[in-house]
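[1] Give the three-dimensional model of this entry:
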Amino acid sequence: MCRPTHFAVEYSINPWMDPGRPADAAVATRQWEHLRDLVTALGHRVELVEAVPGLPDMVFTANAATVIDGRALVATFRHPQRAPESDAFDAWFRRHGYPEVHRAASVNEGEGDHLLAGGHILAADGFRTEQASHRETARYFGRPTVELTLVDPRFYHLDTALAVLDEQQIMYYPQAFSPGSRERLRSLFPQAIEADEADAAVFGLNAVSDGRHVVLPAAATALAARLAAHGYRPIGVDLSELLKGGGGPKCCMLELRDAALAPAAGPAGRTAERPAGVRAHHRPPGGRRPGTALG
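    Reported below is the predicted structural model:
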């Protein structure tokens, strides 16, 4: 995580950002501190990245990289306002002893558009990450990617339209995806929790789950009820100031998967069949591990 020391809405690179509606930095910091303290109280370790002056969006660390099996694929940002963040995050991984750190060759906005779900990397394009990056991501991590296309500009990153709940379950807003992408998701996750537009529009899907607790925006009340009905423990948080920059709980956290993960079955406890759009590679799939460090 990165403290929002320099957070401000100074430009607009997504539909949520309006420089005419400035954010209150002090309130944003209090909201962020509550999120950090909550994640720590749930038993996770939080690593901090030092904020850099002139980079107001650095608080949204989910976009910094994708980290699996201790290997970091550092983001290459689409917009010049965020491009310098890559150097800061690259340096952080190297200082902290990550043995393999690679800068993405194609535009690739990290875990904003790449989510590990069971043995697959769900990889989105449409607004920020280039489709060409999917092959690079699959090759670097040796895991199959499920190619998804986002079609609603309000949901400009995958993590604004879909959240991974555990190795076999996701929640998502179907209308944020192309028809073909919806079919792929339904094939892999036939029992997925579907959000309605009202909850998606308050960033309810920009959530973080450790397999039991799901931290999501407090305004997503109907989605929280669905999660509870499925046996999860939803925890609502207020990140209204950070939402002015187009971010929520997930945007503020990058998951650091430092150790090799055990192979996981697909949805419903079976090995997932590979739908159209999934790239196959040589290493076996792996699932998420509860209690992984967040940073």
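[2] how about the helices in the chain?
    Along the chain, counting by DSSP state H, helices occupy 25-41, 85-95, 132-141, 179-188, 197-201, 221-229, 240-243.
[3] Find the residue ranges of the stretch 151-295 of the chain scoring beneath the pLDDT cut-off.
    Along the stretch 151-295 of the chain, the parts satisfying pLDDT under 70 run over 259-295.
[4] let's go with 90 and repeat that
    Applying pLDDT under 90 to the stretch 151-295 of the chain picks out residues 258-295.
[5] what's near enough to touch the closest residue to residue 60 other than its chain neighbours?
    Counting by Cβ to Cβ, 6 or more residues apart in numbering, residue 60 lies nearest to residue 251, which is 4.3 Å off, once chain neighbours are set aside. For every residue, glycine as well, the C-beta is placed using N, CA and C. Listed by Cβ atoms under 8 Å, 6 or more residues apart in numbering, the contact set of residue 251 reads 59-63, 112, 157, 159-160, 206, 242.
[6] do the same with residue 208
    39, 163, 214-216, 249-250, 253, 294.
[7] got JSON lines for these, with distance to residue 185 too?
    Converted to JSON lines, those look like this (distance: Cβ to Cβ, whole Å):
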{"residue": "39", "distance to residue 185": "27"}
{"residue": "163", "distance to residue 185": "12"}
{"residue": "214", "distance to residue 185": "18"}
{"residue": "215", "distance to residue 185": "22"}
{"residue": "216", "distance to residue 185": "19"}
{"residue": "249", "distance to residue 185": "21"}
{"residue": "250", "distance to residue 185": "17"}
{"residue": "253", "distance to residue 185": "23"}
{"residue": "294", "distance to residue 185": "25"}
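[8] Can I get the residues you listed in a markdown table including neighbour count and distance to residue 136?
    Output for those, formatted as a markdown table (neighbours: other Cβ atoms under 10 Å; distance: Cβ to Cβ, whole Å):
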| residue | neighbour count | distance to residue 136 |
| --- | --- | --- |
| 39 | 23 | 30 |
| 163 | 29 | 24 |
| 214 | 25 | 30 |
| 215 | 25 | 30 |
| 216 | 30 | 30 |
| 249 | 26 | 28 |
| 250 | 28 | 23 |
| 253 | 24 | 23 |
| 294 | 21 | 25 |
